[in-house]
Structure formats: C-alpha cells, structure tokens
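Chemist: Give the three-dimensional model of this entry:
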Amino acid sequence: MRNEPSSNVLDLGNRRIDLDTGDVTPGCRLRPMELRMLRYLLDHRGSFVGQAELLEQVWGYSKEARSRTVYATVYRLRQVIEDDPSSPRHLESVAGQGFRFTLPAPPSCPRIRAPLDAFVGRGAQLAQLDGTDARLITIFGPGGAGKTRLVQEFADRAISRYPGGQWFVDLSRCRTVSETSDAVASALQTALKRPEAQLGQAIDLLGRVLVVLDGAESVEEELGPALLGWLHDAPRASFVATSRRRIRVRGEFSLHLGPLSPPPGPATLEERRSSCS
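Modeler: This is a model prediction of the structure:
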C-alpha cells in the first residue's frame with residue numbers, strides 16, 4: 001500500500017522534497033545533516049546565513065569552530081536540488097555574506113477553456129461529472145456526440161479544483177503506450193529520458209492536476225495499464241478520457257454520451273390550426 005504523501009513538502013517544480021523524511025522525488029534521499037541544513041535555510045529563506053551560524057545552529061559546533069563541513073554539504077545539496085549545480089537558482093552563496101535559499105516565483109498554471117459558443121443540451125451529464133470524486137473518468141460514445149465539448153466545459157468550470165493546472169492531450173495519432181507517454185510529456189512540457197517509466201512521477205510533481213486524454217480509442221487496449229500506473233504514482237492527479245468505448249479499469253467512472261436529440265422544428269400549418277381549434 002502506498003504511503004500517504006506528507007503535507008510538509010518543498011515543491012521546487014522539477015523536484016519535491018519531503019521535509020520530514022528527506023525523500024526526494026524523483027529518486028533519492030537527503031542525508032540527515034543535509035536535511036537539517038535545508039530546513040534551517042528554509043526557516044531563514046531570502047536572507048543570507050553565515051557559515052559560523054550554520055555550524056553552531058545546525059551542527060552544534062562552538063562559535064570558534066572552523067570546518068569545511070558547510071561547503072561540502074552545500075555542494076551535495078546542489079547536486080540534488082538544482083538543475084544546474086554550477087549555476088544554482090535555489091541555494092545561493094555570496095562571499096562574505098553566506099548562503100541563501102530562495103524559492104522560484106510560482107508559474108501561472110495552464111488551464112482548459114471552453115469554447116465561446118453556447119453550451120446546451122448536456123446539463124444532466126455535466127452535473128454527473130461535477131458530482132463524482134473519481135480520479136479517472138471516461139466519457140464514451142460515438143463520434144460527433146460532443147465528448148470533447150463536454151469535457152472542455154467541465155474543465156473550465158472545475159478550474160478551482162486543480163491548482164496545479166489542467167492539460168489537454170490529443171491522442172488521436174497515438175498507437176502505442178510509448179507514443180501516448182511522449183504525447184502527455186510533451187503537453188506537460190516535461191523532458192523525460194524514459195517517459196513510460198518516469199511520467200507518473202513527473203505528473204506527481206505538479207500537484208493536484210487534471211489531464212484530459214482526448215481520442216483515447218486509438219490506444220484504449222494499452223492505455224488501461226498505463227493509467228493505473230499514473231494514478232498510483234501521482235495520487236493527487238485526475239484524468240478524463242474521451243473514447244468511443246470504456247477503458248474498463250479499476251476505479252473508472254464512465255459516462256455514456258449519445259447523440260443529442262434534434263430540437264423541435266417549427267410547427268406545420270396543420271399543427272398550428274389544430275392547436276387553435
């Protein structure tokens with residue numbers, strides 16, 4: 001069983017650090033003194049902290065102590081948390097002032113917007129989508145039934161549920177799981193060496209997000225196992241797939257969408273005469 005994610009997490013965009021355990025996503029763990037130093041710098045983020053203060057407050061050394069321990073720990077931390085350790089964005093150092101930890105400004109989150117045309121005839125189905133807490137929804141039905149338009153409307157109205165953002169992925173040209181993973185990674189603007197293996201963790205870094213997989217019938221047989229993996233690795237993410245058939249995986253909420261009934265046409269002359277008699 002997967003452990004519940006800690007609420008005491010430092011999100012650096014490309015990495016997430018559990019400040020209770022030192023676990024780094026993806027893929028490693030901070031040493032105890034690295035974690036203690038990081039916490040201290042976070043408590044004083046935005047301000048420079050001198051070497052002597054760090055030795056005293058983090059390591060418990062005397063004020064007169066001299067050691068290269070701080071520099072060695074900074075070096076190791078940068079290898080873990082920085083994209084380019086030689087040009088750090090988070091853990092800075094300035095001669096004569098000390099070390100400073102800064103957080104990047106949060107980027108504006110992408111969202112899916114509904115078209116400007118009127119949304120009619122699907123109020124009941126929209127209410128069903130709004131009312132479910134399932135993390136995987138499949139909207140299935142024949143081509144031209146309005147599946148994509150419905151999911152656009154749902155996403156536009158549900159933006160507050162997904163502070164990490166919303167992404168729309170067109171799967172119509174995908175035929176394999178590898179192509180599907182590449183398409184999702186491209187939509188997320190995430191460069192991954194092994195998308196099939198790393199995509200779930202990359203999605204998890206984004207937090208509470210919505211990923212719409214449009215045209216999933218092209219890969220439906222292989223998509224199910226991949227989705228189960230993403231749901232496991234990214235426990236705060238939700239997915240909506242549009243397809244001509246259900247995906248049929250555990251936990252799926254499926255909504256069938258048939259063609260809209262045509263609006264009533266104008267009454268004939270005979271019908272108008274009958275209504276007046």
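Chemist: And the strands in the stretch 151-277 of the chain?
Modeler: 165-170, 209-214, 238-243, 252-256 (DSSP state E, counting those that start in this stretch).
Chemist: I'd assumed residue 209 was in contact with residue 158.
Modeler: No - assessed by Cβ atoms under 8 Å, residue 158 is found out of contact with residue 209, at 11.6 Å. Glycine gets a C-beta too; all of them are placed from N, C-alpha and C.
Chemist: Mind putting the strands of the stretch 151-277 of the chain into CSV with mean pLDDT?
Modeler: Formatted as CSV, the strands of the stretch 151-277 of the chain follow (pLDDT from 0 to 100):
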stretch, mean pLDDT
strand 165-170, 94
strand 209-214, 96
strand 238-243, 97
strand 252-256, 95
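Chemist: So which residue is dead centre in the protein?
Modeler: By Cα atoms, centre = their mean, the chain has its centre lying nearest to residue 206, at 3.6 Å.
Chemist: So for that residue, what's the nearest residue that isn't a sequence neighbour?
Modeler: Leaving aside its chain neighbours, residue 206 sits nearest to residue 164 (4.4 Å; criterion: Cβ to Cβ, 6 or more residues apart in numbering).
Chemist: quick one, what contacts that neighbour?
Modeler: Listed by Cβ atoms under 8 Å, 6 or more residues apart in numbering, the contact set of residue 164 reads 109, 206, 207, 208, 209, 236, 237.
Chemist: So which of those belong to helices?
Modeler: Residues of the contacts of residue 164 located in helices (DSSP state H): none.
Chemist: Can you tell me which of these is nearest residue 62?
Modeler: Closest approach between these and residue 62, by Cβ to Cβ: residue 207, at 42.5 Å.
Chemist: Just want to know which of residue 158 and residue 209 has more residues nearby.
Modeler: residue 209 (23 against 17; other Cβ atoms under 10 Å).
Chemist: Okay, and the beta partners of the more buried one?
Modeler: residue 165 (DSSP bridges).
Chemist: Go ahead and confirm it touches residue 235.
Modeler: No - the pair residue 209 / residue 235 is not scored as a contact, 11.5 Å apart, by Cβ under 8 Å.
Chemist: Look at residue 100 and tell me its secondary structure.
Modeler: strand (DSSP: H, G, I helix; E, B strand; the rest coil).
Chemist: I figured it hits residue 49, correct?
Modeler: Yes - using Cβ under 8 Å, residue 100 is in contact with residue 49, at 7.0 Å.
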